[in-house]
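Visitor: Generate a structure from the sequence data that follows.
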Amino acid sequence: MRPSPSPTARGSCEPTSHPLRSKGVTEQLVGLSITALDAPFGAEVRGVRWDEPSPEVVATLTRWLRSKLLLVLRGQPSPTRDQLDGFFANFGRLMSQTYDGAFHYGTFNDDTKEFVQRRDNTNYVTNVDGGAIELPWHNDQSHRPQLKVLSVLEALDVEADATPTQFRDMYVASETLPLELRAPLTHKQGVFFNPRQPPPSEQPRLADAMHPVFTPHPHSGRTALYVNGYTQRIVGFDLDESDRLLARLAEHAEIDAPTYTHVWRNGDLVMWDNVGLQHRRPHVVPDERRTLRQYEGVAE
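Guide: Below is the predicted model of the structure:
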(Lines give C-alpha, C1' and ligand atoms only; values in the text may rest on other atoms or scores of the structure.)
Protein backbone atom coordinates (compact mmCIF):
# COMPACT_ATOMS: atom_id res chain seq x y z
CA MET A 1 0.00 0.00 0.00
CA ARG A 2 1.42 3.37 -1.00
CA PRO A 3 1.69 6.20 1.54
CA SER A 4 -1.04 8.82 1.21
CA PRO A 5 -0.24 12.44 0.46
CA SER A 6 0.30 14.58 3.53
CA PRO A 7 -3.06 15.63 5.03
CA THR A 8 -1.74 19.19 5.09
CA ALA A 9 -1.01 19.17 1.34
CA ARG A 10 -4.23 20.73 0.16
CA GLY A 11 -5.25 23.34 -2.37
CA SER A 12 -6.54 26.76 -1.52
CA CYS A 13 -6.73 30.23 -3.04
CA GLU A 14 -8.44 29.57 -6.38
CA PRO A 15 -6.72 31.16 -9.39
CA THR A 16 -8.03 34.47 -10.70
CA SER A 17 -9.99 34.64 -13.94
CA HIS A 18 -7.00 35.14 -16.28
CA PRO A 19 -7.72 33.37 -19.61
CA LEU A 20 -4.84 30.95 -19.02
CA ARG A 21 -5.81 30.32 -15.41
CA SER A 22 -9.33 29.03 -15.95
CA LYS A 23 -9.66 25.30 -15.41
CA GLY A 24 -10.12 23.28 -18.59
CA VAL A 25 -9.09 26.05 -20.99
CA THR A 26 -7.30 24.60 -24.03
CA GLU A 27 -5.07 26.53 -26.40
CA GLN A 28 -4.14 25.13 -29.80
CA LEU A 29 -1.24 27.05 -31.27
CA VAL A 30 2.01 26.36 -33.13
CA GLY A 31 1.31 22.62 -33.11
CA LEU A 32 0.76 22.43 -29.35
CA SER A 33 -2.37 21.53 -27.42
CA ILE A 34 -2.26 23.03 -23.91
CA THR A 35 -4.98 22.44 -21.33
CA ALA A 36 -5.11 23.90 -17.84
CA LEU A 37 -5.26 21.21 -15.17
CA ASP A 38 -8.24 20.95 -12.84
CA ALA A 39 -6.00 22.24 -10.05
CA PRO A 40 -4.89 25.59 -8.60
CA PHE A 41 -2.00 25.61 -11.09
CA GLY A 42 -0.46 23.47 -13.82
CA ALA A 43 -1.22 22.62 -17.46
CA GLU A 44 -0.93 19.58 -19.72
CA VAL A 45 1.00 20.07 -22.97
CA ARG A 46 0.80 17.76 -25.99
CA GLY A 47 2.56 18.03 -29.32
CA VAL A 48 6.09 18.91 -28.15
CA ARG A 49 8.82 17.95 -30.59
CA TRP A 50 12.45 17.73 -29.53
CA ASP A 51 13.93 19.33 -32.62
CA GLU A 52 14.86 23.01 -32.41
CA PRO A 53 11.67 24.74 -31.15
CA SER A 54 10.53 27.83 -32.99
CA PRO A 55 10.49 31.20 -31.20
CA GLU A 56 6.68 30.93 -31.21
CA VAL A 57 6.77 27.58 -29.38
CA VAL A 58 9.24 28.91 -26.81
CA ALA A 59 7.13 32.04 -26.29
CA THR A 60 3.93 30.01 -25.89
CA LEU A 61 5.45 27.59 -23.36
CA THR A 62 7.04 30.47 -21.45
CA ARG A 63 3.71 32.31 -21.28
CA TRP A 64 1.94 29.25 -19.91
CA LEU A 65 4.79 28.53 -17.51
CA ARG A 66 4.61 32.06 -16.11
CA SER A 67 0.86 31.73 -15.64
CA LYS A 68 0.51 28.09 -14.59
CA LEU A 69 4.00 27.52 -13.04
CA LEU A 70 4.09 23.81 -13.96
CA LEU A 71 3.73 22.06 -17.33
CA VAL A 72 3.13 18.32 -17.78
CA LEU A 73 4.41 17.27 -21.22
CA ARG A 74 2.66 14.13 -22.50
CA GLY A 75 2.59 12.08 -25.67
CA GLN A 76 6.11 12.92 -26.84
CA PRO A 77 8.96 10.41 -27.28
CA SER A 78 11.55 10.27 -24.52
CA PRO A 79 14.28 12.77 -25.48
CA THR A 80 17.98 12.07 -25.73
CA ARG A 81 20.43 14.05 -23.65
CA ASP A 82 21.37 16.20 -26.66
CA GLN A 83 17.70 16.85 -27.41
CA LEU A 84 17.08 18.00 -23.82
CA ASP A 85 20.04 20.37 -23.99
CA GLY A 86 18.97 21.76 -27.35
CA PHE A 87 15.36 22.25 -26.24
CA PHE A 88 15.90 23.80 -22.81
CA ALA A 89 18.75 26.06 -23.92
CA ASN A 90 15.98 28.22 -25.39
CA PHE A 91 14.69 28.96 -21.87
CA GLY A 92 17.96 30.21 -20.33
CA ARG A 93 21.43 29.13 -19.24
CA LEU A 94 21.66 25.37 -18.84
CA MET A 95 22.44 24.53 -15.24
CA SER A 96 24.92 21.84 -16.32
CA GLN A 97 26.97 24.47 -18.16
CA THR A 98 27.41 26.77 -15.15
CA TYR A 99 30.17 26.50 -12.58
CA ASP A 100 27.69 25.91 -9.75
CA GLY A 101 25.69 23.33 -11.67
CA ALA A 102 28.72 21.35 -12.84
CA PHE A 103 29.99 21.25 -9.26
CA HIS A 104 26.63 20.18 -7.82
CA TYR A 105 25.94 17.35 -10.24
CA GLY A 106 29.55 16.24 -10.04
CA THR A 107 28.93 15.23 -6.41
CA PHE A 108 26.60 12.37 -7.45
CA ASN A 109 27.72 8.90 -8.53
CA ASP A 110 26.30 5.52 -9.50
CA ASP A 111 26.10 4.11 -5.97
CA THR A 112 23.01 1.87 -6.07
CA LYS A 113 22.42 2.47 -2.35
CA GLU A 114 21.59 6.13 -3.05
CA PHE A 115 18.14 7.09 -4.30
CA VAL A 116 19.71 9.67 -6.64
CA GLN A 117 22.22 7.98 -8.94
CA ARG A 118 24.27 9.53 -11.75
CA ARG A 119 25.06 7.43 -14.82
CA ASP A 120 25.95 8.43 -18.37
CA ASN A 121 25.91 12.13 -17.48
CA THR A 122 22.33 11.88 -16.20
CA ASN A 123 20.70 11.74 -12.77
CA TYR A 124 18.11 9.08 -11.96
CA VAL A 125 15.76 9.31 -8.97
CA THR A 126 14.99 5.72 -8.14
CA ASN A 127 13.91 3.43 -5.34
CA VAL A 128 16.43 1.43 -3.32
CA ASP A 129 16.26 -1.80 -1.32
CA GLY A 130 15.04 -0.17 1.89
CA GLY A 131 12.77 2.33 0.15
CA ALA A 132 13.44 6.04 -0.31
CA ILE A 133 13.12 8.53 2.52
CA GLU A 134 10.45 11.21 2.62
CA LEU A 135 11.60 14.50 1.12
CA PRO A 136 10.33 17.66 2.85
CA TRP A 137 9.03 20.70 1.03
CA HIS A 138 11.97 22.19 -0.85
CA ASN A 139 13.22 24.04 -3.91
CA ASP A 140 15.80 22.12 -5.92
CA GLN A 141 19.35 23.19 -5.03
CA SER A 142 18.31 25.78 -2.45
CA HIS A 143 21.41 24.67 -0.53
CA ARG A 144 23.56 26.02 -3.40
CA PRO A 145 24.34 29.73 -4.01
CA GLN A 146 22.96 29.86 -7.57
CA LEU A 147 19.21 29.64 -8.17
CA LYS A 148 17.80 26.95 -10.40
CA VAL A 149 14.83 28.61 -12.12
CA LEU A 150 13.47 25.64 -14.07
CA SER A 151 13.40 22.02 -12.86
CA VAL A 152 12.62 18.94 -14.96
CA LEU A 153 11.64 15.36 -14.08
CA GLU A 154 10.66 12.59 -16.50
CA ALA A 155 8.92 9.33 -15.50
CA LEU A 156 10.84 6.47 -17.11
CA ASP A 157 9.40 3.44 -15.29
CA VAL A 158 6.66 3.89 -12.70
CA GLU A 159 3.94 1.51 -11.57
CA ALA A 160 0.31 2.58 -11.70
CA ASP A 161 0.06 3.65 -8.05
CA ALA A 162 3.60 4.97 -7.68
CA THR A 163 4.27 7.54 -4.95
CA PRO A 164 3.21 10.97 -6.24
CA THR A 165 5.07 14.28 -6.08
CA GLN A 166 3.35 17.24 -4.45
CA PHE A 167 3.89 20.89 -5.39
CA ARG A 168 2.88 24.14 -3.68
CA ASP A 169 2.77 27.75 -4.84
CA MET A 170 5.05 29.98 -2.75
CA TYR A 171 4.25 33.07 -4.80
CA VAL A 172 0.76 33.00 -3.30
CA ALA A 173 2.28 32.19 0.11
CA SER A 174 4.35 35.37 -0.18
CA GLU A 175 1.49 37.49 -1.46
CA THR A 176 -0.88 36.41 1.34
CA LEU A 177 1.62 36.75 4.18
CA PRO A 178 0.30 39.08 6.92
CA LEU A 179 2.06 42.43 7.10
CA GLU A 180 3.07 41.93 10.74
CA LEU A 181 4.99 38.81 9.70
CA ARG A 182 6.31 40.22 6.44
CA ALA A 183 7.72 43.48 7.84
CA PRO A 184 10.43 42.04 10.14
CA LEU A 185 11.55 39.64 7.39
CA THR A 186 12.01 42.20 4.62
CA HIS A 187 15.64 42.14 3.41
CA LYS A 188 16.43 39.15 5.67
CA GLN A 189 18.17 36.02 4.39
CA GLY A 190 17.68 32.35 5.12
CA VAL A 191 20.56 29.98 5.80
CA PHE A 192 20.53 26.61 4.01
CA PHE A 193 22.59 23.48 4.53
CA ASN A 194 23.27 20.60 2.16
CA PRO A 195 21.08 17.69 3.34
CA ARG A 196 23.61 15.23 1.91
CA GLN A 197 26.34 16.56 4.21
CA PRO A 198 26.66 16.26 8.02
CA PRO A 199 24.57 18.90 9.84
CA PRO A 200 26.31 21.93 11.38
CA SER A 201 26.08 20.27 14.80
CA GLU A 202 28.50 17.63 13.49
CA GLN A 203 30.44 19.69 10.95
CA PRO A 204 30.43 23.30 12.23
CA ARG A 205 29.89 25.96 9.56
CA LEU A 206 27.74 29.05 9.19
CA ALA A 207 26.03 28.21 5.90
CA ASP A 208 26.21 26.26 2.66
CA ALA A 209 24.04 28.88 0.92
CA MET A 210 21.97 31.96 1.75
CA HIS A 211 18.90 33.29 -0.09
CA PRO A 212 16.51 36.18 0.59
CA VAL A 213 13.40 35.16 2.52
CA PHE A 214 11.51 36.94 -0.28
CA THR A 215 13.29 35.89 -3.46
CA PRO A 216 12.30 37.40 -6.82
CA HIS A 217 12.31 35.18 -9.89
CA PRO A 218 15.31 36.40 -11.94
CA HIS A 219 13.30 36.39 -15.19
CA SER A 220 9.78 37.42 -14.20
CA GLY A 221 10.47 39.47 -11.06
CA ARG A 222 7.60 37.81 -9.17
CA THR A 223 8.52 37.27 -5.52
CA ALA A 224 8.29 33.92 -3.73
CA LEU A 225 8.51 33.04 -0.05
CA TYR A 226 11.81 31.16 -0.29
CA VAL A 227 11.85 29.24 2.98
CA ASN A 228 11.63 25.46 2.97
CA GLY A 229 12.42 22.26 4.85
CA TYR A 230 16.16 22.85 4.44
CA THR A 231 16.16 26.41 5.84
CA GLN A 232 18.11 26.20 9.10
CA ARG A 233 17.71 29.76 10.38
CA ILE A 234 17.04 33.37 9.39
CA VAL A 235 20.01 35.73 9.71
CA GLY A 236 19.57 38.71 12.04
CA PHE A 237 17.57 36.92 14.77
CA ASP A 238 18.69 34.84 17.71
CA LEU A 239 18.08 31.12 17.23
CA ASP A 240 14.91 30.94 19.34
CA GLU A 241 13.30 33.86 17.48
CA SER A 242 14.43 32.42 14.15
CA ASP A 243 12.85 29.06 15.03
CA ARG A 244 9.62 30.82 15.97
CA LEU A 245 9.52 32.74 12.70
CA LEU A 246 10.29 29.66 10.62
CA ALA A 247 7.48 27.78 12.39
CA ARG A 248 5.02 30.60 11.64
CA LEU A 249 6.09 30.69 7.99
CA ALA A 250 5.70 26.93 7.71
CA GLU A 251 2.22 27.10 9.24
CA HIS A 252 1.24 29.90 6.87
CA ALA A 253 2.45 27.94 3.83
CA GLU A 254 0.55 24.82 4.91
CA ILE A 255 -2.67 26.82 5.10
CA ASP A 256 -2.35 29.37 2.30
CA ALA A 257 -0.08 27.92 -0.40
CA PRO A 258 -2.18 26.26 -3.15
CA THR A 259 -1.06 22.68 -3.83
CA TYR A 260 -1.13 20.16 -6.66
CA THR A 261 -0.38 16.43 -6.40
CA HIS A 262 1.11 14.91 -9.54
CA VAL A 263 0.34 11.24 -10.08
CA TRP A 264 3.04 9.95 -12.39
CA ARG A 265 2.40 8.18 -15.68
CA ASN A 266 5.17 6.62 -17.75
CA GLY A 267 6.43 9.23 -20.19
CA ASP A 268 5.37 12.28 -18.18
CA LEU A 269 7.95 15.06 -18.39
CA VAL A 270 7.21 17.75 -15.82
CA MET A 271 8.89 21.15 -15.97
CA TRP A 272 8.24 23.73 -13.29
CA ASP A 273 9.17 27.13 -11.90
CA ASN A 274 11.64 26.13 -9.19
CA VAL A 275 11.65 29.58 -7.57
CA GLY A 276 7.92 29.87 -7.04
CA LEU A 277 7.06 26.19 -6.54
CA GLN A 278 8.28 23.87 -3.82
CA HIS A 279 7.82 20.12 -3.99
CA ARG A 280 7.87 17.16 -1.63
CA ARG A 281 7.66 13.39 -1.84
CA PRO A 282 6.28 10.95 0.73
CA HIS A 283 8.32 7.93 1.77
CA VAL A 284 8.67 5.39 -1.04
CA VAL A 285 8.10 1.85 0.19
CA PRO A 286 10.55 -0.96 -0.65
CA ASP A 287 9.99 -2.78 -3.94
CA GLU A 288 7.95 0.05 -5.47
CA ARG A 289 8.82 0.51 -9.15
CA ARG A 290 9.56 4.21 -9.48
CA THR A 291 12.39 5.55 -11.65
CA LEU A 292 12.50 9.17 -12.79
CA ARG A 293 15.11 10.97 -14.86
CA GLN A 294 16.22 14.31 -13.44
CA TYR A 295 17.42 16.76 -16.05
CA GLU A 296 19.64 19.49 -14.60
CA GLY A 297 17.33 22.28 -15.76
CA VAL A 298 17.89 25.99 -16.26
CA ALA A 299 19.91 28.39 -14.08
CA GLU A 300 19.39 32.05 -13.28
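Visitor: average model confidence for stretch 166-173?
Guide: Averaged across stretch 166-173, the pLDDT comes to 98.
Visitor: Oh, that last question was meant for stretch 80-94, not what I typed.
Guide: For stretch 80-94, the per-residue pLDDT averages 96.
Visitor: How about residues contacting it?
Guide: Outside stretch 80-94, the residues within contact range by Cβ atoms under 8 Å, 6 or more residues apart in numbering are 50-53, 58, 61-62, 79, 96, 101, 120-122, 149-150, 152, 219, 295-300. Just so you know, the C-beta spots here come from the backbone N, C-alpha and C atoms, and that holds for glycine as well.
Visitor: Relative to the whole chain's centre, how far out is it?
Guide: 18 Å (Cα atoms, centre = their mean, to the nearest Å).
Visitor: ends of that stretch, how far apart?
Guide: Chord length of stretch 80-94, first to last residue, is 15 Å (Cα to Cα, to the nearest Å).
Visitor: Likewise for stretch 43-58?
Guide: 15 Å.
Visitor: Would you mind listing the buried residues in stretch 276-284?
Guide: 276-282, 284 (16 or more other Cβ atoms under 10 Å).
Visitor: out of those residues, which one sits closest to residue 199?
Guide: Of all these, residue 280 has the smallest distance to residue 199: 19.7 Å, by Cβ to Cβ.
Visitor: Next, the contact list for the closest one, please.
Guide: 6, 9, 134-138, 165-166, 229.
Visitor: how deep is the residue lying closest to it once chain neighbours are set aside tucked in, by neighbour count?
Guide: Sequence neighbours aside, residue 137 is the residue nearest to residue 280 in space, at 4.7 Å (criterion: Cβ to Cβ, 6 or more residues apart in numbering). Residue 137 has 24 neighbours, counted by other Cβ atoms under 10 Å.
Visitor: confidence score at residue 137?
Guide: Value for residue 137, per-residue pLDDT: 98.
Visitor: What lies in contact with the strand or helix carrying it?
Guide: Element membership for residue 137 (DSSP states H and E) is strand 135-138. With contact meaning Cβ under 8 Å, 6+ apart, strand 135-138 is reached by 168, 228-230, 253, 278-281.
Visitor: what do you get for stretch 183-193?
Guide: 142-143, 199-200, 205-214, 226-227, 230-237, 245.
Visitor: so of these, which ones are in helices?
Guide: residue 245 (DSSP state H).
Visitor: quick revisit: select, from the contacts of strand 135-138, the two members most distant in space.
Guide: Across the contacts of strand 135-138, no pair lies farther apart than 253 and 281, at 16.8 Å, counting by Cβ to Cβ.
Visitor: Residue 266 versus residue 150, what's the distance?
Guide: Using Cβ to Cβ, to the nearest Å, residue 150 is found at 22 Å from residue 266.
Visitor: Show me which of these two is the more surrounded one.
Guide: Shown here are residue 150 and residue 266; by other Cβ under 10 Å, residue 150 has more neighbours (23 against 14).
Visitor: Make sure residue 35 is actually in contact with residue 28.
Guide: No. Residue 35 is not in contact with residue 28 according to Cβ atoms under 8 Å; the separation is 9.7 Å.
Visitor: These two - which one has more neighbours?
Guide: Ranked by neighbour count (other Cβ under 10 Å), residue 35 and residue 28 place residue 35 first, with 17 against 11.
Visitor: Just to be sure, the more buried one is in a strand?
Guide: Yes. Counting by DSSP: H, G, I helix; E, B strand; the rest coil, residue 35 is found in a strand.
Visitor: Fine by me, thanks again.
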